[in-house]
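Student: take this sequence and fold it.
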Amino acid sequence: MMGSGEGHLPPGHTFVIADDHPLFRGALKEALAGIGDIAAIHEAGDFESAKALVLANEDVDMVLLDLSMPGASGLSGLIALRGINPAVPLVVVSAHDDPVTIRRALDLGASGFISKSASMEGIRAAVQAVLAGDIAAPAGIELGVERDPEISDLIKRLQALTPQQTRVLGMLAEGLLNKQIAYELGVSEATIKAHVSAILQKLGVDSRTQAVIQLSKIGNDPLQPVG
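Tutor: Coordinates of the predicted model:
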């Protein structure tokens, strides 16, 4: 007699690895393989491909996102992906593992942060922690608090956006017109105009250009090369 669970085993986890270095994608895949119960691992070498994969796979359990791959403008890439699917955990994987970048990534909705210098065991532990519903950050780093009042205010304003407003803001940053955004999202142009108005109000700016400039501040600021 069959047990009640037979034939109805839960499917394994589905991951998206978004990084422009094939060798590092391979290292991440190797780390994930050690977790077991993997249904699929999708790979993206640029940000456009990463967005397409998140759009096409609603059952994704986690996105591992490099902040500095082609098409992604630092933390604004994280914001754009969160707008596409706010339910999927996003884990930033970056060589820029200073406290400022880590803290801002977590403040903007990342579920974890993995340094590119982490060991296989460290990567695996962070992924398992996020799958279990925790927030994963590198151990031994004091994240502190945001010292730049302008960025602190901007993060609070970005946190106030709804997922759809966040997605529209990301599309504004790509230079899309209202009618193009309406077509992409399958809504009316009037709806997009209302979203844009709400975005401008929440960000405290007067134009879509200013809104995009605000987004670029959070995108590029912590990733500027030093010296």
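Student: which residue is the nearest non-sequential neighbour of Pro89?
Tutor: Ser111 (3.8 Å; CB to CB, 6 or more residues apart in numbering). To be clear about C-beta, it is placed using only N, CA and C from the backbone, and glycine gets the same treatment.
Student: quick one: the one you found and Ile135 touch, right?
Tutor: Yes: under the criterion of CB atoms under 8 Å, Ser111 makes contact with Ile135 at 6.0 Å.
Student: sec struct for Thr14, please.
Tutor: strand (DSSP: H, G, I helix; E, B strand; the rest coil).
Student: show me the beta-bridge partners of it.
Tutor: Ala40 (DSSP bridges).
Student: mind listing what it touches?
Tutor: Shown in contact with Thr14 (CB atoms under 8 Å, 6 or more residues apart in numbering): 38-42, 57, 59-61.
Student: neighbours around the residue nearest to Pro89, how many?
Tutor: Counted with other CB atoms under 10 Å, residues neighbouring Ser111 total 21.
Student: go on, Val196?
Tutor: 19.
Student: okay, the closest residue to it other than its chain neighbours: pLDDT?
Tutor: Spatially, and ignoring its direct neighbours in sequence, Val196 is nearest to Arg208 (6.2 Å; CB to CB, 6+ apart). Here, the pLDDT recorded for Arg208 equals 93.
Student: could you list the low-pLDDT ranges of the chain?
Tutor: For the chain, the stretches with pLDDT under 70 are 1-11, 219-227.
Student: returning to what we had before: count residues in the vicinity of the residue nearest to Val196, would you?
Tutor: 18.
Student: contacting residues for it?
Tutor: 172, 196, 200.
Student: give me the distance between the second one and Asp206.
Tutor: Same thing as Val196. 12 Å (CB to CB, to the nearest Å).
Student: where exactly do the helices run in this protein?
Tutor: 22-33, 47-56, 75-84, 99-107, 120-131, 149-159, 163-173, 178-185, 189-203, 208-220 (DSSP state H).
Student: so of those helices, which one's packed in deepest?
Tutor: Greatest average neighbour count among the helices of the chain goes to helix 75-84 (a mean of 24), per mean count of other CB atoms under 10 Å.
Student: okay, now the domains of this protein?
Tutor: 13-131, 149-223 (automatic domain parsing).
Student: export those domains to a markdown table and tack on distance to Gly140?
Tutor: Below are the domains of the chain laid out as a markdown table (distance: least, CB to CB, whole Å):
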| stretch | distance to Gly140 |
| --- | --- |
| domain 13-131 | 11 |
| domain 149-223 | 19 |
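Student: and Ala136, what are its bridge partners?
Tutor: Counting by DSSP bridges, Ala136 forms beta bridges with Gly112.
Student: I figured it was touching Ser111, is that so?
Tutor: Yes: the criterion here is CB under 8 Å, and Ala136 meets it with Ser111 at 7.2 Å.
Student: so what sits against both of these two?
Tutor: 91, 130.
Student: who's in contact with Asp134?
Tutor: No contacts exist for Asp134 under CB under 8 Å, 6+ apart.
Student: and what of the one 3 residues further on?
Tutor: Ala137 is in contact with 102, 106, 112-113, 143, counting by CB under 8 Å, 6+ apart.
Student: same check on Val54?
Tutor: By CB under 8 Å, 6+ apart, the contact list for Val54 reads 16, 60, 63, 81, 84-85, 88.
Student: please apply the same query to Ser94.
Tutor: The contact partners of Ser94, taken as CB under 8 Å, 6+ apart, are 66-68, 101, 105, 113-116.
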